[in-house]
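Asker: pasting the structure only:
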Ligand SMILES: Cc1cc2nc3c(=O)[nH]c(=O)nc-3n(C[C@H](O)[C@H](O)[C@H](O)COP(=O)(O)O)c2cc1C
């Protein structure tokens, strides 16, 4: 698919079929994330493929929504703060930026492969942290439910600010 068409077509999917995407497809999603750029190429991210019943139940408790529980699997993206690049001039940490880029690579790759996904950040951090085997410096950033869109899924109309509002030419 043409890249700009893909960007226009990708949308948040909040209703999934129960069918699990193949291992090959999952490999392609993680590969898309692995190839993402990161500040100073630190790659401070980690990806958890959540697909066992036990792990899915635990992650669903961190974001208890009916639609979220319909996903056949989840990818949780975390950042290792000990590995992230920190801007010297103001101490700004960039791990969450890096994790976010990788997450969007996954979402775009998923859309290109006919899958749906949705960014989820409004999860309970404590419950999410309990659901994942995190290291001391590791923070969960995004959970992506992933699967084939349910047959009755209707994409919402994209509402975005117009370019005149968001672009300044200086
Ligand atoms: C940083 C971030 C956090 C988000 N968190 C959630 C969330 O917790 N739950 C949810 O249903 N959608 C979440 N979304 C999805 C947005 O609501 C969605 O991307 C936005 O409304 C635009 O719609 P679209 O993705 O269909 O184009 C999040 C998106 C981003 C980028």
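Answerer: Nice, thanks for sending it over. Please read these numbers as outputs of a predicted model, since none were measured by experiment. Numbering: from 1, shown residues only.

Asker: got the contact list for residue 41?
Answerer: Applying C-beta atoms under 8 Å, 6 or more residues apart in numbering to residue 41 gives no contacts. In this view, the C-beta of every residue, glycine as well, is placed from N, C-alpha and C.

Asker: The nearest residue to residue 49 once chain neighbours are set aside - how many residues pack around it?
Answerer: Spatially, and ignoring its direct neighbours in sequence, residue 49 is nearest to residue 75 (5.9 Å; C-beta to C-beta, 6 or more residues apart in numbering). Applying other C-beta atoms under 10 Å, we find 25 residues neighbouring residue 75.

Asker: Next, residue 79: secondary structure please.
Answerer: Counting by DSSP: H, G, I helix; E, B strand; the rest coil, the backbone at residue 79 sits in strand.

Asker: right, and the helix or strand after the helix or strand hosting residue 96?
Answerer: Residue 96 is located in helix 95-112, with elements delineated by DSSP states H and E. Next along the chain after helix 95-112, taking DSSP H and E as the criterion, comes strand 116-117.

Asker: Could you check the next helix or strand after that following strand and say which residues are buried?
Answerer: Per DSSP H and E, the first helix or strand lying C-terminal to strand 116-117 is helix 125-131. By neighbour count on 16 or more other C-beta atoms under 10 Å, the buried set for helix 125-131 is 127, 128, 129, 131.

Asker: any chance of those residues in JSON lines, plus distance to residue 169 and pLDDT?
Answerer: Shown next, in JSON lines, are the buried residues of helix 125-131 (distance: C-beta to C-beta, whole Å; pLDDT from 0 to 100):
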{"residue": "127", "distance to residue 169": "45", "pLDDT": "98"}
{"residue": "128", "distance to residue 169": "41", "pLDDT": "98"}
{"residue": "129", "distance to residue 169": "44", "pLDDT": "98"}
{"residue": "131", "distance to residue 169": "46", "pLDDT": "98"}
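
Asker: okay if I get the residues you listed as CSV plus distance to residue 7?
Answerer: Shown next, in CSV, are these (distance: C-beta to C-beta, whole Å):
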residue, distance to residue 7
127, 33
128, 28
129, 32
131, 31
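
Asker: Relative to residue 22, which of the residues you listed is nearest.
Answerer: residue 131 (24.3 Å; C-beta to C-beta).
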